[in-house]
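Student: next comes the sequence, and after it the predicted model I'd like to discuss.
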Amino acid sequence: METLTAQENSTAVDFLPLNGTDHVEFYVGNAKQSAYYYQKAWGYKLVAYAGPETGVRDRASYVLEQSKVRLVLTTSLDPASDISQHHMLHGDGVKFLSIWVDDATKSFEETVKRGAVPFMEPTRFEDEHGYVVISAIKTYGETVHKFVERSNYNGVFLPGYKAVTNAMAVEPVGLKHIDHCVGNVELGRMDEWVKFYEDVMGFQLLLTFDDKDISTEYSALMSKVVSNGNGYIKFPINEPAEGKKKSQIEEYIDFYKGAGVQHIAIEVHNILDTVGELRNRGVEFLYVPENYYDDVLDRVGDIEESIEDLKALNILVDRDESGYLLQIFTKPVEDRPTVFYEIIQRKGAKSFGKGNFKALFESIEREQEIRGNL
């Protein structure tokens, strides 16, 4: 079953107006080396740093940007810290999905009074460039939403960070902005977290996919997509469904040791150019068999791109009532089979590629089988 709920275009009555994703922060084992990977392979520019050289004694953080995508990579310098404990349990993974707001204090108060568990009270941070206010609430697993108010700050990122110059030349690959972030939760908890986003953050249920939509011969999952009022923030939430073998969600939860962010979808200007360049730089993508392309145009109709070009790069295509989209998924970007990326280009489509689910999940199952986890 798939349902689509219309979204309001105005946030005038929204108790939690959101301006978009501010940044995504990963806790990683070696932030310096991770930063090198994102610069060299993905073309991110290193713009800021915090660590012992800036007066931060317990961690090192590298801030990377490409267009409106901002990643923060953080490593602990203290083996007993919460960061070290998080990394020991989960491996490299997303800790903070940080949201840009006009009023971090009000965002905190409105969500907490609706049932959010506080992570950080509204706190003011300042330096010579001005001040920011940050608050935070807990969500699924150990994932946290920060509310970042930065209208009175003119620094490179946040107080405590210094601007840095890239030590290498970097070439962007055409990333635009984060399209959506997907969370995996334990069996039976999807509806609980959908209700959290509806009740606590005022999100709307946008799409529902059941195990008939997202299944193969061996495994299945269920997914619901929630979105804020203006559509700038979209969070699909997945849970496993009963199948003959272990689903990709179960594999993720087994290796991540709990719920967490499964993948980040980034919209690009030209997916052919972006994926071609990423492949040249060694980024690995899931493989979809060539017979996928035999009847794809019968299903999606006319598209601007050459089907041979899409086939050569293994890019998938799907259509909804608003247009079509092009998408492709990387393999996990760390040793645990957990976090990966989706590259997406929207040609009017507002959906998430339902027509590609079967081919995509069969590809994931092939990787699971190689790892011995199917």
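Tutor: That came through, no problem.

Student: ok, then the element right after the lowest-mean-pLDDT helix or strand in the chain?
Tutor: Ranked by mean pLDDT, DSSP states H and E, the weakest helix or strand in the chain is strand 2-4, scoring a mean of 43. As assigned by DSSP states H and E, the chain's next helix or strand after strand 2-4 is strand 20-27.

Student: list the contacts of residue 18.
Tutor: Contact partners of residue 18, counting by C-beta atoms under 8 Å, 6 or more residues apart in numbering, are 11, 99-101, 228, 230, 232-233. From N, CA and C alone the C-beta is placed, and that goes for glycine too.

Student: pull out the buried residues from stretch 32-43.
Tutor: For stretch 32-43, the neighbour count (16 or more other C-beta atoms under 10 Å) marks 34-35, 37-39, 41-43 as buried.

Student: please read the previous query as pertaining to stretch 306-319.
Tutor: 310, 313-319.

Student: which one among those gets closest to residue 285?
Tutor: Of all those, residue 285 sits closest to residue 314, with 6.1 Å by C-beta to C-beta.

Student: hang on, isn't the closest one packed against residue 328?
Tutor: Yes: Residue 314 is in contact with residue 328 according to C-beta atoms under 8 Å; the separation is 6.4 Å.

Student: find residues that contact each of these two.
Tutor: What both residue 314 and residue 328 touch, as defined by C-beta under 8 Å, 6+ apart, is the set 285-286.

Student: sketch out the low-pLDDT regions of the stretch 201-350 of the chain for me.
Tutor: Within the stretch 201-350 of the chain, the ranges that satisfy pLDDT under 70 run 210-220, 243-245.

Student: how about the helices in it?
Tutor: Applying DSSP state H, counting those that start in this stretch to the stretch 201-350 of the chain gives helices spanning 248-256, 271-280, 296-300, 307-313.

Student: just the buried residues of stretch 32-43 now: which is nearest residue 289?
Tutor: Checking the buried residues of stretch 32-43 against residue 289 by C-beta to C-beta gives residue 41 as the nearest, at 25.6 Å.

Student: gap between the closest residue to the closest one other than its chain neighbours and residue 274?
Tutor: Nearest residue to residue 41, sequence neighbours excluded (C-beta to C-beta, 6 or more residues apart in numbering): residue 281, at 4.6 Å. Going from residue 281 to residue 274 by C-beta to C-beta, to the nearest Å gives 11 Å.

Student: among the two, which residue is more densely surrounded?
Tutor: Using other C-beta atoms under 10 Å as the criterion, residue 281 and residue 274 rank with residue 274 on top: 25 against 14.

Student: give the contact list for that one.
Tutor: Taking C-beta under 8 Å, 6+ apart, one finds 173-175, 268, 343 in contact with residue 274.

Student: against residue 169, how distant is the residue nearest the centre of the chain?
Tutor: Nearest to the geometric centre of the chain sits residue 264, at 2.3 Å (C-alpha atoms, centre = their mean). Residue 264 sits 25 Å away from residue 169, going by C-beta to C-beta.

Student: likewise residue 250?
Tutor: In terms of C-beta to C-beta, residue 250 sits 42 Å off from residue 169.

Student: cool, and residue 190?
Tutor: For residue 190, the distance to residue 169 - C-beta to C-beta - is 44 Å.

Student: which one of the two has more residues nearby?
Tutor: A side-by-side neighbour count of residue 190 and residue 169, using other C-beta under 10 Å, places residue 190 first with 25 against 6.

Student: now do the contacts for the residue lying closest to that one once chain neighbours are set aside.
Tutor: The shortest distance from residue 190 to any non-neighbouring residue, by C-beta to C-beta, 6+ apart, is to residue 239 (3.8 Å). Contact partners of residue 239, counting by C-beta under 8 Å, 6+ apart, are 184-190, 221-223, 249.

Student: direction included, what does the helix or strand containing residue 65 pair up with?
Tutor: Take DSSP H and E as the rule and residue 65 turns out to sit in strand 59-66. Here strand 59-66 is paired, per DSSP bridges, with strand 45-50 (antiparallel), strand 69-76 (antiparallel).

Student: comparing the ones you listed, which comes out most buried?
Tutor: strand 69-76 (a mean of 22; mean count of other C-beta atoms under 10 Å).

Student: can you list contacts of that one?
Tutor: Taking C-beta under 8 Å, 6+ apart as the rule, strand 69-76 contacts 21-32, 34-35, 38, 44, 58-65, 83-84, 87, 95-96, 157, 175-178, 266.

Student: remind me what the helix or strand following it packs against, helices and strands.
Tutor: The helix or strand immediately downstream of strand 69-76 is helix 82-90, counting by DSSP H and E. Contacts defined by 3 or more C-beta pairs under 8 Å, 6 or more residues apart in numbering; DSSP states H and E place helix 82-90 against strand 20-27, strand 69-76.

Student: would you turn the ones you listed into a markdown table with distance to residue 126 and mean pLDDT?
Tutor: Formatted as a markdown table, these follow (distance: least, C-beta to C-beta, whole Å; pLDDT from 0 to 100):
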| stretch | distance to residue 126 | mean pLDDT |
| --- | --- | --- |
| strand 20-27 | 17 | 98 |
| strand 69-76 | 19 | 98 |
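
Student: now for those strands, which one comes closest to residue 149?
Tutor: Across these, closest to residue 149 is strand 20-27 (C-beta to C-beta), at 9.6 Å.

Student: just checking, what packs against the helix or strand that that closest one is followed by?
Tutor: Downstream of strand 20-27, the first helix or strand assigned by DSSP H and E is helix 31-40. Applying 3+ C-beta pairs under 8 Å, 6+ apart, one finds that helix 31-40 contacts strand 45-50, strand 59-66, strand 69-76.
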